[in-house]
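# Mind looking at a prediction? Sequence and model below.
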Amino acid sequence: MILTRRQFLTSAAVVTAGSVMLPAVFKRAGVAALVDPPSGDDKRKATRTLVVVQMAGGNDGLNTVVPYKESLYQTYRPGLALQPNEVIPITDDVALHGSMTKFKELWDAGLLAVVQGVGYPSPTFSHFSAMDIWQTADPTLKIRTGWLGRYLESLDRKAATAFEGMAVGGRLPKEFESSVPLPLIESVNAYRILTDGLRTDQTERRINALTSLYSSFPKEVPYSVLLDGTMNSMVESTSKLQTANAAYRTSVTYPANNSLAAGLRLIATAIDAGLGVRVAHISIGGFDTHSAQRGNQQRLLQQLSEGIAAFYSDLREHGREQDVLVMTWSEFGRRAKGNGSAGTDHGSAGPLFIVGSKVKGGVYGERPSLSNLESDNLRFTTDFRSVYSTVLQEWLGVSPDISLGTTAFAPLKMIANSPSPLVPLPRPVVPRAATSTPVTVTPAAR
């Protein structure tokens, strides 16, 4: 079939509220920014990267960071509470789930921070609204863009790279929603321009022809510059990722049958190749443990700790461990009491983890009280936006106001050698009430 310019412009781009829906060829390869990644001497230039690991489904925090000495913990969870021989103590009053042996190694090395009681006022127990709250950083749900998307919008677009925001998975997370186009990568093999597969010798010619078609549109035609640049960026970014993956070598053995670990290896590849990754997102699902929680959570927490530990070892082997910080989150915790089905129901506050060589290892925040519940739920002690303030200001070197619309959420001061905050670019934000939360710190063993 011969595709005319008029037919292409009629069918390929549909304008919606502030965005352009592109044809399948763009969706398959992901839409990238329009500037090439650094090369040559700039390739090894240090770029601080934040890797966000979403524990999707609502992780049970009480069986992750365990108050194993509290009698109420055992009382509330008959048959579900972990016993002293099933946990790994890290302080006098809390322990890690026994499956998280690799996290204990990170803890012993001073590379792991545990933040307790993370949540927000008036929690919702819906997966969808709770995930939106965490990903927009707005408990009122008035802001529709993502907190990391707003961070990327604040960067100098002239120095942007195709992979500055990198999502690994089947859909772009709401954290990244913004005016900045970003790649979505399910796997290295899938992140390429797909052809019919019948004439592989014709693939390069077809791609060149398609690129020429995009660039031939008159510049005065609506969206022609966008489509031309996007096509060129798509071709360049797919090529660079394929090349980086083919050249990547590591002696680190990532755990098998672990999709999180496989995705983290891909992120390590992009970081080491100097593709300019500022933020990356990856998810591990299955934490909605209404029943059969013991076995399922054990498996997932083992995958989490082994995957992140392998990722850190890989970064260290390539001299990149100083450049990367890992942060976990889950949309909510679980109820303090078991539900009678060998599981737990949707709850409120829970712990999260920060991993990196610049982390001041320890336990941060106040442990929620088991004797002061609210409708069987833990009361949060650390607002999640304080954690976001921490990674924005102390790691990425920008004012928290860029993403949060306020500087009222005090950073937790758990990252060494923090960069000086940059002056935020003026942008309209939705004002919101904010209060800082006092934080207690228990240092890790060194």
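It's in.

# So which residues of the stretch 201-350 of the chain form strands?
If you assign secondary structure with DSSP state E, counting those that start in this stretch, the strands in the stretch 201-350 of the chain sit at 279-284, 324-329, 350-355.

# now the angle from the first one to strand 324-329?
In this case it means strand 279-284. Using axes from the mean of the first three to the mean of the last three CA atoms, to 10 degrees, the inter-axis angle of strand 279-284 relative to strand 324-329 is 40 degrees.

# What pairs with strand 279-284, parallel or antiparallel?
strand 49-55 (parallel), strand 165-168 (parallel) (DSSP bridges).

# Now render these as CSV, adding mean pLDDT and distance to W329.
Yep, even glycine has a C-beta here, placed from its N, CA and C like the rest. Listed next are the strands paired with strand 279-284 as CSV, based on pLDDT from 0 to 100; distance: least, CB to CB, whole Å:
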stretch, mean pLDDT, distance to W329
strand 49-55, 98, 6
strand 165-168, 94, 15
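
# what about the residue lying closest to I267 once chain neighbours are set aside, how many residues close to it?
Setting aside the residues directly before and after it, I267 is nearest to A280 in space (CB to CB, 6 or more residues apart in numbering), at 4.8 Å. Other residues near A280 come to 28 when the count uses other CB atoms under 10 Å.

# For A280, name its beta-bridge partners.
When bridges are taken as DSSP bridges, the partners of A280 come out as V51, M166.

# Let me see the contact set for it.
Applying CB atoms under 8 Å, 6 or more residues apart in numbering, one finds that A280 lies in contact with T49, L50, V51, V52, G165, M166, A167, V168, I267, A270.

# can we see that at 7 Å?
Neighbour list for A280: T49, V51, V52, M166, V168, I267 [criterion: CB atoms under 7 Å, 6 or more residues apart in numbering].

# From those residues, keep the buried residues only.
When neighbours are counted using 16 or more other CB atoms under 10 Å, the contacts of A280 contain these buried positions: T49, V51, V52, M166, V168, I267.

# Show me the two of those residues that sit farthest apart.
Across those, no pair lies farther apart than T49 and V168, at 13.2 Å, counting by CB to CB.

# Please enumerate the strands of the stretch 51-200 of the chain.
For the stretch 51-200 of the chain, applying DSSP E, counting those that start in this stretch gives strands covering 65-66, 87-89, 95-97, 112-119, 165-168, 184-185.

# Turn those into JSON lines, columns for distance to A246.
Rendered in JSON lines, the data for the strands of the stretch 51-200 of the chain read as follows (distance: least, CB to CB, whole Å):
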{"stretch": "strand 65-66", "distance to A246": "40"}
{"stretch": "strand 87-89", "distance to A246": "39"}
{"stretch": "strand 95-97", "distance to A246": "37"}
{"stretch": "strand 112-119", "distance to A246": "33"}
{"stretch": "strand 165-168", "distance to A246": "18"}
{"stretch": "strand 184-185", "distance to A246": "15"}
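
# Sounds good, over and out.
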